[in-house]
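Engineer: Next comes the sequence, and after it the predicted model I'd like to discuss.
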Protein chains: 2
Amino acid sequence: MNPTDEPRRPVARLVPGFRDTYSDEVQARRGMFETIRQVYERYGFVPLETPAIEFVDVLGKFLPESNTPAAGIFSWKEDTGKDEEGKDREEWVSLRYDLTAPLSRVVAMGHHFPLPYRRYQVGPVYRREASLEPGRFQEFYQMDFDSIGVPGVAADAEACCIMSETLEALGINRGQYIVRANNRKVLGALIEKIGIGAKGQETAWSEKALTVLRAIDKLDRIGLDGVVDLLGIGRKDPSGSFTPGAGLYETQVEQVRSFLEVSSTSRLDYCRSLEKMLSGSKSGEEGVREMVEIDEFLRKAGVDEDRVTFDTTVVRGLAYYTGPIFEATLTMEITDSDGVRRRFGSVFGGGRYDYLVERFTGQRIPATGASVGVDRLLSALKLLGRVTVGSSTAPVIVIALNSKNLSEYHTLAASLRSAGINTEVYMGGDGLAGQMRYADDTGKVVAVLRGDREKAAGTVSIKDLRRGKELSAEHSNRKSWLEALPGQVTVPEAKLVETVKDILARYDPARTSQP
Amino acid sequence: MNPTDEPRRPVARLVPGFRDTYSDEVQARRGMFETIRQVYERYGFVPLETPAIEFVDVLGKFLPESNTPAAGIFSWKEDTGKDEEGKDREEWVSLRYDLTAPLSRVVAMGHHFPLPYRRYQVGPVYRREASLEPGRFQEFYQMDFDSIGVPGVAADAEACCIMSETLEALGINRGQYIVRANNRKVLGALIEKIGIGAKGQETAWSEKALTVLRAIDKLDRIGLDGVVDLLGIGRKDPSGSFTPGAGLYETQVEQVRSFLEVSSTSRLDYCRSLEKMLSGSKSGEEGVREMVEIDEFLRKAGVDEDRVTFDTTVVRGLAYYTGPIFEATLTMEITDSDGVRRRFGSVFGGGRYDYLVERFTGQRIPATGASVGVDRLLSALKLLGRVTVGSSTAPVIVIALNSKNLSEYHTLAASLRSAGINTEVYMGGDGLAGQMRYADDTGKVVAVLRGDREKAAGTVSIKDLRRGKELSAEHSNRKSWLEALPGQVTVPEAKLVETVKDILARYDPARTSQP
C-alpha cells in the first residue's frame, strides 16, 4: 500500500489500565472458576448473566445533587429512543462496577424466578481509576454467590460453609485459611455504646462513626496501637504523613479497645463477651443472638473453629451490609518468584444486605452472599502450585519437514487426536531449526518428525523434547543440540500413538487422558 | 424510609437491546463452549482474552474523513493521561465489536508468543444498533479460532475440518450440516472477467462489483432469478419495494449466471469448471490452484463431499477476506416450539485475511480463521434436543418444615452433597405448600422431608416430584395433590442417599454422578 494513501497508521496499543490475558492465565482461571462453580452448584445456586451495560441510575452511581455519574465508573450518554414528546432521549449508561447492583435490578424486575433466588455469577466488572497499583486493572473478574429472599441467618452460616468448602476444593488446606465472621449490628451497638451514633441506626453512620470503623478496618495493616492513635488525635505513618483521628475521649477509646480485644479463641467466647459488653443495646443484643445461631448451625454442621471463627475486628469496608459479615483470609505466607514472603489477606468476603432491592421497589428483601477476589486468589493458587498448566494446550507437534507432504503430517496428527492427544501440525514458514524453536517456545513436550527416510521405511521419529534438552545441556550451542537430535527414537508408524503416550505419561499422566 | 428523602426512586430496567440470561441458557451455552473448546484445543489452539474496551482507531472504526467513531459501535471519550505539552489528553475508546480486530492488535504488538500464533477466544462483543430484530441483542457472544502466520492453504483446509468436527462434536450429525468453501480470488476473477473491476484487485472492489457480490450473497434468500434481477436493472420484492440493480449488460449477467451454476456435485467439478472459465486471470488461476490444494488435503484427511463441499455462491459478506472463505450451514429443517419449520442457515464461518495486521505495521502476515454464530447455533442445538438442562443445578431440595430444626436439614443436605448430589435447603419464609410450589417452579426432581414424626422414628420422607405430579393428575386442584403427597416413601435415615439416587437415576442417570 502507498503510505500517502494512509497517512495515519494507527499504533497498536492497549487502553491504559487494561490487559491481554494469555493461555496459561486463561486456563488457570478457567480451572479455578470450574471448581468454584461446582461447589456453588452443589448448594443449588443457579447461574445468571447480566449485561455489561446498565443505566447509571440503576447502578445507583449518580453523584448526589447532580446529574453526573460518579467518576469511578465508565459512563457515556446513549440514545434510548423517543420521550413522551417525541424528542430523542439521551440517557447515561455505564459499565457495571460489580455484580451485586445488577442482581438487585434483576430481583426488582421480579421476572422469571420465585424467591428465594439463589444465583451465582461470574464475569468482568469495570472500575475507572485515575491511578492503579501495579498488577491491578480497570477490568477484572468477580465471582459471586447470593441468596435473595432468605430471612434467617442460616443462609449466612451456609455462606461461611460454602466459602470454607470452596477454598478447600481449590486445594487450600485447613489451617492455610480462616473464615472470620462478625456482625454489623454488633459494630453498630459499639458505636451507639460510645455515644457517637443514633440508636438503631443500621445503615447510615455519623462521620465520626465512619472514622472509627475505617480505623478498625485498618487493624491488619497498622496494628492495635495504630488503630488507637486513629481513634484519638490521629496517626503519623512511617513516611511522616499524618492522618487525623476520630477525636474520641480516652474512655471511649478504651471501650473500643476492649471491644477489639474480645477473645476470638472461640466463637462462644465472642458471643459471651459481647453479650455482656453490649447488653441494653437492642441492635447489639440482636447481633449477638444472630451470631449464637450461626455458631449453633456451624457446630451441628461439624464446622470447627479452625475453619470459621468470630472476630470483632472484621468490618468489610463501609458498604451496604446490615447483619452478619464474613471474610476468608489466607493465613499462610507464600514465597513468590522473587523470593519475597507474601501474605494474601482477604480473598473471599461478603455479608447480609437487606436493603438493596428496596432502593427500587420500597420493599425490603433479605439477602446475603459473598464474592471471590478472583485475581488475588488466583495469584495465591499459582504460588501454592495449585494450578499447573503448560503454555500450550497441545503437548505434541508434528514437524512439517517437506511442504509436499503436508497432508500426511495432518494424517499423523489425526491419529494422535483420535487417541485423545491434543496435537498441532506446524503451519508456519520456518525450516527445521525454526520449527524446533517454535516447539520449545510454545511448551511442546513431544515432536513427531517424518522425513523421506522414515517415509520410505514406514517409520516415524519421535522426540522427547524435555529429555532432549537435558541430554543436550552439554552442547555448547542451540544449533548443535538440534542437530544431534538427542532424546529421539524411530519406531514403526503403527507404534506412534503408544510411543507418544509413554513419553507424555513421564511428565503428566493426566495430560494423556485429555478428552 | 421517608419518600421525601428519596424523591427519585430509580426504575429497575434493562438498557434497551440488552438482556439477562438465566440458568438454563447459561448452562446450555457453557456446555456448548466446553465442547467447542475441546475441539479447538485438540488442534493446538490456545486461549486468549482481550479487554472489552479498545481505542477506536485500533478497532479501525473512525469514520473516513472525520474524527468521529462509526455509529455501529459504543464509543466515548476517556482521559488517557497527559500529552507532550502536559495537557489532559482525551481519546475515543469503544467496546469491541468483534474478536478479530483485537487479535490483530495483539499480533501487531508482537509480544508474548512466537508465530504461528493459533489462538481461540470466546467472549461478548458489542454492536450499537438503531433497531434490532426480535431475539437479537446489542451484546452477544462470539467464539473464534484463528491461525496467524500461516502462509499455506493447509491452514484453511484444516479450518474446514475443524468446523465439521466441531458441529459433529455438538451432536449435529453428518448430513444435517455442510461446510461450503469458495475463494475470494475466484470471485475477484469473475469481477475482472466481466470487466467491472481492476486486475489483481483483491481487497478493494468497485461500487458495481460490490453490488454484484451483494446480489450473489442473497442467493439463499431470493433464488437465482432474484439474483439475476439484481445483476440487471433491479428487483421488486414481494412487498413491492424496489432495490436498484448493478445494471450489467445481458452478456455480463449470463457470465455471472454460469459462474453461479458451476456444478457443486463435486469439489473436482468446481475446480475443473472454474479452471476453464477463469483461465487467463492471474487471480482466478491462483484461486483455483488453492482450491485444488484444499481438495487434495481434504481427500487425504478422509473428509468427503458430505462434510465439506465447494460452492461458487459463497461470498461471506464484504469483509476483509483475501483467499479461501468457508461457512457451515445447517441443512435440516427444525420445527420450533410454535410448530414453525425453521432453517438455520450459516452457523459458523470464516476465511483467509492476509492484511489485518498490515494496518498497524505495514507488514503482511497471512492469517485464517473462523467464528461461531453462538446464538444461532445454540438455538439450533436446543431445537435438536442436543442440550438438555433442568432449570435447577440441584435436583434435590430439603424442605424446611420447622425453623427450629434448620441445621438438621442442612445435615441431611450435607450427606447428599458428599455423595455427589447437588442439594438445596429451602431458606425462604414460606410454609409447606409454598415450599412445594418453589420446588416445582425451580425444577427440582426430589424433595426430602423430615417432620417431627419422621424425626422420632429416625426416618426421612422422600418424594419423587415428577411421579407425584403424574399420580396426582386426576386431582382437581393443586392444593389437593400437595396434601395427598403421592409418589412419597418413608425410609430409615441411613437409606436417604440410596433412595434419592434411585429416583434420580429414573430420570437422568448422568445427573447423579455430578461431581
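Structural biologist: Received the coordinates, thanks.

Engineer: how much space between the residue of the stretch 251-400 of chain A found nearest chain B and B:Val150?
Structural biologist: Nearest residue of the stretch 251-400 of chain A to chain B, counting by C-beta to the nearest C-beta: A:Ala394, 3.4 Å away. Placement of C-beta: from N, CA and C, glycine included. Shown here: A:Ala394 relative to B:Val150, a distance of 15 Å by C-beta to C-beta, to the nearest Å.

Engineer: cool, A:Ala215 as well?
Structural biologist: Counting by C-beta to C-beta, the separation of A:Ala215 from B:Val150 is 60 Å.

Engineer: how about the residues of the stretch 301-450 of chain A near chain B?
Structural biologist: Taking C-beta under 8 Å from any C-beta of the partner chain as the test, the list of the stretch 301-450 of chain A residues beside chain B reads A:301, A:358-362, A:391-394, A:397, A:403, A:406-408, A:410-411, A:414, A:417, A:422-429, A:437-438, A:441-442.

Engineer: The same query, at a cut-off of 7 Å, please.
Structural biologist: Counting by C-beta under 7 Å from any C-beta of the partner chain, the residues of the stretch 301-450 of chain A close to chain B are A:301, A:359-360, A:392-394, A:403, A:406-407, A:410-411, A:414, A:417, A:422-424, A:427-429, A:438, A:441-442.

Engineer: Could you tell me which of these belong to helices?
Structural biologist: In helices, defined here by DSSP state H, the members of these are A:359-360, A:406-407, A:410-411, A:414, A:417, A:438, A:441.

Engineer: Quick one: those as JSON lines, columns for pLDDT too.
Structural biologist: Compiled in JSON lines, those are given as follows (pLDDT from 0 to 100):
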{"residue": "A:Arg359", "pLDDT": "87"}
{"residue": "A:Phe360", "pLDDT": "91"}
{"residue": "A:Leu406", "pLDDT": "82"}
{"residue": "A:Ser407", "pLDDT": "81"}
{"residue": "A:His410", "pLDDT": "91"}
{"residue": "A:Thr411", "pLDDT": "91"}
{"residue": "A:Ala414", "pLDDT": "93"}
{"residue": "A:Arg417", "pLDDT": "94"}
{"residue": "A:Tyr438", "pLDDT": "92"}
{"residue": "A:Asp441", "pLDDT": "88"}
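
Engineer: From these, list just the buried residues.
Structural biologist: The neighbour-count test (16 or more other C-beta atoms under 10 Å in any protein chain shown) marks A:359-360, A:406-407, A:410-411, A:414, A:417, A:438 as buried among those.

Engineer: Redo those as CSV? Include distance to B:Arg37.
Structural biologist: CSV is the format used below for those (distance: C-beta to C-beta, whole Å):
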residue, distance to B:Arg37
A:Arg359, 39
A:Phe360, 38
A:Leu406, 26
A:Ser407, 26
A:His410, 21
A:Thr411, 24
A:Ala414, 19
A:Arg417, 15
A:Tyr438, 23
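
Engineer: of these, closest to B:Tyr320?
Structural biologist: Using C-beta to C-beta, A:Leu406 comes nearest to B:Tyr320 of these, at 25.4 Å.

Engineer: tally of neighbours for A:Leu401?
Structural biologist: The burial count assigned to A:Leu401 is 18, neighbours taken as other C-beta atoms under 10 Å in any protein chain shown.

Engineer: How about A:Ala70?
Structural biologist: For A:Ala70, the neighbour count with other C-beta under 10 Å is 17.

Engineer: so who does it touch?
Structural biologist: Taking C-beta atoms under 7 Å, 6 or more residues apart in numbering or on different chains as the definition of contact, the neighbours of A:Ala70 are A:61, A:63.

Engineer: ok, A:Arg466 touching A:Val445?
Structural biologist: Yes. Judged on C-beta atoms under 7 Å, A:Arg466 makes contact with A:Val445 at a distance of 6.4 Å.

Engineer: anything in contact with each of those two?
Structural biologist: Listed contacts common to A:Arg466 and A:Val445 are A:Tyr507; contacts here mean C-beta under 7 Å, 6+ apart.

Engineer: returning to that earlier point: wait, the residue of the stretch 251-400 of chain A closest to chain B sits on A:Gly420?
Structural biologist: No. Counting by C-beta under 7 Å, A:Ala394 stays clear of A:Gly420, with 11.7 Å between them.

Engineer: Surely A:Ser66 is in a strand?
Structural biologist: No. Note on A:Ser66: no strand contains this position according to DSSP: H, G, I helix; E, B strand; the rest coil, which reports coil.

Engineer: residue contacts, A:Ile397?
Structural biologist: A:Ile397 touches A:424, A:426, A:439, A:444, A:447, counting by C-beta under 7 Å, 6+ apart.

Engineer: show me the contacts for the third one.
Structural biologist: Residues in contact with A:Ala439, defined by C-beta under 7 Å, 6+ apart, are A:397, A:447, A:465.

Engineer: In strands only, show me those residues.
Structural biologist: Counting by DSSP state E, the members of these that fall within strands are A:397, A:447.

Engineer: what about the stretch 351-500 of chain A, any weak spots by pLDDT?
Structural biologist: In the predicted model, the stretch 351-500 of chain A carries pLDDT under 70 at residues A:388-392, A:472-486.

Engineer: in it, what residue is nearest chain B?
Structural biologist: The stretch 351-500 of chain A approaches chain B most closely through A:Glu424 (2.7 Å), counting by C-beta to the nearest C-beta.

Engineer: Find the nearest non-adjacent residue to that residue, please.
Structural biologist: B:Gly44 (2.7 Å; C-beta to C-beta, 6 or more residues apart in numbering or on different chains).

Engineer: Check for me that the one you found belongs to a helix.
Structural biologist: No. Applying three-state DSSP, one finds B:Gly44 to be coil, outside a helix.

Engineer: pretty sure it is touching B:Arg118, no?
Structural biologist: Yes. Because the distance of 5.8 Å satisfies C-beta under 7 Å, B:Gly44 is recorded as touching B:Arg118.

Engineer: Now do the shared contacts for these two.
Structural biologist: Taking C-beta under 7 Å, 6+ apart as the contact criterion, the common neighbours of B:Gly44 and B:Arg118 are A:Glu424.

Engineer: mind listing the helices in the stretch 1-150 of chain A by residue range?
Structural biologist: If DSSP state H, counting those that start in this stretch is used as the criterion, the helices of the stretch 1-150 of chain A fall at A:23-42, A:56-59, A:100-109.

Engineer: The closest residue to A:Ser94 other than its chain neighbours: neighbouring residues, count only.
Structural biologist: Beyond its immediate neighbours in the sequence, the residue positioned closest to A:Ser94 (C-beta to C-beta, 6+ apart) is A:Ser75, lying 3.8 Å away. Burial of A:Ser75 is recorded as 21 neighbouring residues (other C-beta under 10 Å).

Engineer: if I look at the residue nearest to A:Pro114 when sequence neighbours are not counted, how far off is A:Gly110?
Structural biologist: If the residues on either side of it in the chain are set aside, A:Pro114 comes closest to B:Asp441, at 4.5 Å by C-beta to C-beta, 6+ apart. When C-beta to C-beta is applied, the distance between B:Asp441 and A:Gly110 equals 13 Å.

Engineer: Then A:Pro47?
Structural biologist: The gap separating A:Pro47 from A:Gly110 is 19 Å, by C-beta to C-beta.

Engineer: Of the two, which one has the most company?
Structural biologist: A:Pro47 (21 against 15).

Engineer: Across the sheet, point out what pairs with that one.
Structural biologist: Using DSSP bridges, the bridge partners assigned to A:Pro47 are A:Tyr120.

Engineer: before we move on, the earlier item: so which of A:Arg466 and A:Val445 has more stuff around it?
Structural biologist: More crowded of A:Arg466 and A:Val445, by other C-beta under 10 Å: A:Val445, with 23 against 16.

Engineer: That one and A:Lys463 touch, don't they?
Structural biologist: No. The pair formed by A:Val445 and A:Lys463 falls short of the contact definition of C-beta under 7 Å, at 9.8 Å.

Engineer: Which strands border the host helix or strand of A:Ile462, and is each parallel or antiparallel?
Structural biologist: Take DSSP states H and E as the rule and A:Ile462 turns out to sit in strand A:459-464. For strand A:459-464, sheet partners with direction are given as strand A:446-449 (antiparallel), strand A:488-492 (antiparallel), following DSSP bridges.
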